[in-house]
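# Quick check, what structure comes out for this input:
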Amino acid sequence: MLENLLRTQLYQEHILAGGQIVDFGGWALPLQYSGILEEVEAVRRRAGLFDVSHMGEIIVEGPQALSWLDTVLTNDISKVVDNQVVYTFMCYPHGGVVDDLLVYRYGPQKFLLVVNASNTQKDWEWLNQHIIPDVTLDNSSAVTGQLAIQGPLAQEVLQKLTTYRLDDLGFFRFADSVEIAGVPVLVSRTGYTGEDGFELYCRVEDTVRLWQEIIREGEPQGIIPCGLGARDTLRFEAGLPLYGHEISQEITPLEAKLGFFVKLKKQGDFMGKAALVALKEKGLSRRLAGLTMVDKGIPREGYRVFNSEGQDVGYVTSGSFSPTLNASVANVLVTADSIQEGTILWVGVRKRRLKAKVTKLPFYQREAK
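The predicted model follows:
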């Protein structure tokens, strides 16, 4: 029942905008407003606004904060500079993923971790299980709101609401205490769509005002509110992983072709390192690949994948119709000998097997400025 679900401060705004509310991991959130295809097009061509206040935020502080994070995260946190954001993983000892997250460095003794909503409690418990002296954790999820404005016109819209020069904010960099529409905001040049854009963190009580002002100011540029459906399609087209699909407790970052964010040669040990080193040395038996359907049909999560000899070689991790490409595509986790570009594979759709072709990932990549 929707009335028993958690709600962000923007729930009434979603209702007023015609949002189709669904249960998303215990949260009442909009799947779509005007329609997934229209919302995807808006983000690719103009700008879209997302409520992502359900995401988790954990503050890590203390004299040992930096060195400790390097023992629980796969990326090299020692190389991160102030006001930089990095993407990384927390891994289990066997190499599977606890969660993927963003790390914001304020300074050597203060960091913000932004984690997946469905994993916030699990991540909080995991971090506390491995905490050391001189490090403190603060789960600030309940008091933090988050919006994402994404698309080629995102900066133009947002610049109207602030005197801060957004041109000065580089990719995966952030600025704290920036006033936007009169609201103090941490503004970050990051996103989950494959487009340029910003993620905005503010006090939870300020999210409604911030949302309303961005929609009002962006109306002439064609900005529209966007839901979970568009967000998933956009991230999928852009080759961005989703926890529980491309990565999970059973799927390592190396198998998901995300080894760039796993620094096996960084100084010191980190959780899961030994298992990931062993996996790499042994050789991967399965890898993530992209598929474009040749036969008509939409590949869905969990569908089995077969080679030309009829052998079961893996399964679909994410799949849908891509409005940007005007094609049905899928991410598949398949045997390592099945990932060569151009290879013909077959997707089991109900009682049929539909022809598909291995395609280079990501499916979509925006042109650099």
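# which one in this structure is furthest away from the centre?
Distance from the C-alpha centroid of the chain, by Cα atoms, centre = their mean, peaks at residue 309 (35.6 Å).
# Shouldn't that one be within a strand?
No: under DSSP: H, G, I helix; E, B strand; the rest coil, residue 309 sits outside any strand and is assigned coil.
# If we ignore the residues flanking it in sequence, what's nearest residue 75?
Excluding the flanking residues, the one nearest residue 75 by Cβ to Cβ, 6 or more residues apart in numbering is residue 88, at 3.6 Å. Placement of C-beta: from N, CA and C, glycine included.
# one step back: distance of the residue farthest from the centre of the chain from residue 326?
Using Cβ to Cβ, to the nearest Å, one obtains 31 Å as the distance from residue 309 to residue 326.
# Could you tell me the average pLDDT over stretch 297-305, please?
In this model, stretch 297-305 has an average pLDDT of 97.
# Might you quantify the distance of it from its chain's geometric centre?
Chain-centre distance of stretch 297-305: 22 Å, with Cα atoms, centre = their mean, to the nearest Å.
# what does stretch 255-270 give?
The chain centre lies 19 Å from the centre of stretch 255-270; the measure is Cα atoms, centre = their mean.
# Report how many residues lie close to the residue nearest to residue 109 when sequence neighbours are not counted.
Closest residue to residue 109 in three dimensions, ignoring its sequence neighbours and counting by Cβ to Cβ, 6+ apart: residue 65, at 5.3 Å. Close neighbours of residue 65, defined as other Cβ atoms under 10 Å, add up to 24.
# my guess is residue 65 contacts residue 137, does it?
No: using Cβ atoms under 8 Å, residue 65 is not in contact with residue 137; the gap is 9.6 Å.
# what about residue 111, distance to residue 336?
Taking Cβ to Cβ, one finds residue 111 at 36 Å from residue 336.
# The two: which is more packed in?
residue 111 (22 against 14).
# which SS class is the more buried one?
Residue 111 carries the three-state label strand when classified by three-state DSSP.
# With residue 212 instead?
Here residue 212 is recorded as helix under three-state DSSP.
# any idea how far it is from residue 69?
Noted for residue 212: a distance of 36 Å to residue 69, by Cβ to Cβ.
# neighbour-wise, which of these two wins?
residue 69 (23 against 13).
# per-residue confidence for that one?
So, for residue 69, pLDDT stands at 98.
# What sits closest to it if chain neighbours are left out?
Closest residue to residue 69 apart from its sequence neighbours, by Cβ to Cβ, 6+ apart: residue 77 at 4.7 Å.
# Go ahead and confirm that neighbour touches residue 86.
Yes: Residue 77 is in contact with residue 86 according to Cβ under 8 Å; the separation is 7.3 Å.
# can you list residues touching both of the two?
103, 105 (Cβ atoms under 8 Å, 6 or more residues apart in numbering).
# More neighbours: the two, which one.
Neighbour count, other Cβ under 10 Å: between residue 77 and residue 86, residue 77 has more, with 24 against 18.
# For the more buried one, give me its contacts.
Residue 77 makes contact with 66, 69-70, 86, 88, 103, 105, 111, according to Cβ under 8 Å, 6+ apart.
# how about residue 207, what does it touch?
Residue 207 touches 8-10, 51, 53, 145-147, counting by Cβ under 8 Å, 6+ apart.
# Repeat that for residue 82.
When contacts are counted by Cβ under 8 Å, 6+ apart, residue 82 is found next to 105-107.
# what ranges do the helices span in the stretch 151-300 of the chain?
Residue ranges of the helices in the stretch 151-300 of the chain, as given by DSSP state H, counting those that start in this stretch, are 154-159, 207-218, 228-237, 273-282.
# Farthest-apart pair in the contacts of residue 77, please.
66 and 88 (13.3 Å; Cβ to Cβ).
# Which one of the two is surrounded by more residues?
residue 88 (25 against 19).
# Any idea how far stretch 131-138 is from the middle of the chain?
Taking Cα atoms, centre = their mean, one finds stretch 131-138 lying 26 Å from the centre of the chain it belongs to.
# Now do the end-to-end distance for it.
Length of stretch 131-138, first residue to last, Cα to Cα, to the nearest Å: 12 Å.
# Which residues does it contact?
Stretch 131-138 is touched from outside by 58-65, 68, 124, 127-128, with contacts defined as Cβ under 8 Å, 6+ apart.
# which among those residues end up buried?
Listed as buried from those are 58-62, 64-65, 68, 124, 127; burial here means 16 or more other Cβ atoms under 10 Å.
# Looking at those residues, which one is closest to residue 182?
Among the buried ones among the contacts of stretch 131-138, and counting by Cβ to Cβ, the member closest to residue 182 is residue 59, at 24.4 Å.
# Quick check on that closest one: phi, psi?
The phi/psi pair for residue 59 (degrees, to the nearest 10) reads phi -100, psi 130.
# wait, which of the contacts of residue 77 is closest to residue 178?
residue 105 (16.8 Å).
# For the stretch 51-200 of the chain, which segments count as strands?
For the stretch 51-200 of the chain, the strands defined by DSSP state E, counting those that start in this stretch occupy 56-61, 85-91, 97-107, 110-115, 136-139, 144-150, 174-180, 183-188, 197-203.
# check contacts around residue 336.
Residue 336 makes contact with 283-287, according to Cβ under 8 Å, 6+ apart.
# and residue 193, how far is that from residue 342?
Distance, residue 193 to residue 342, using Cβ to Cβ: 28 Å.
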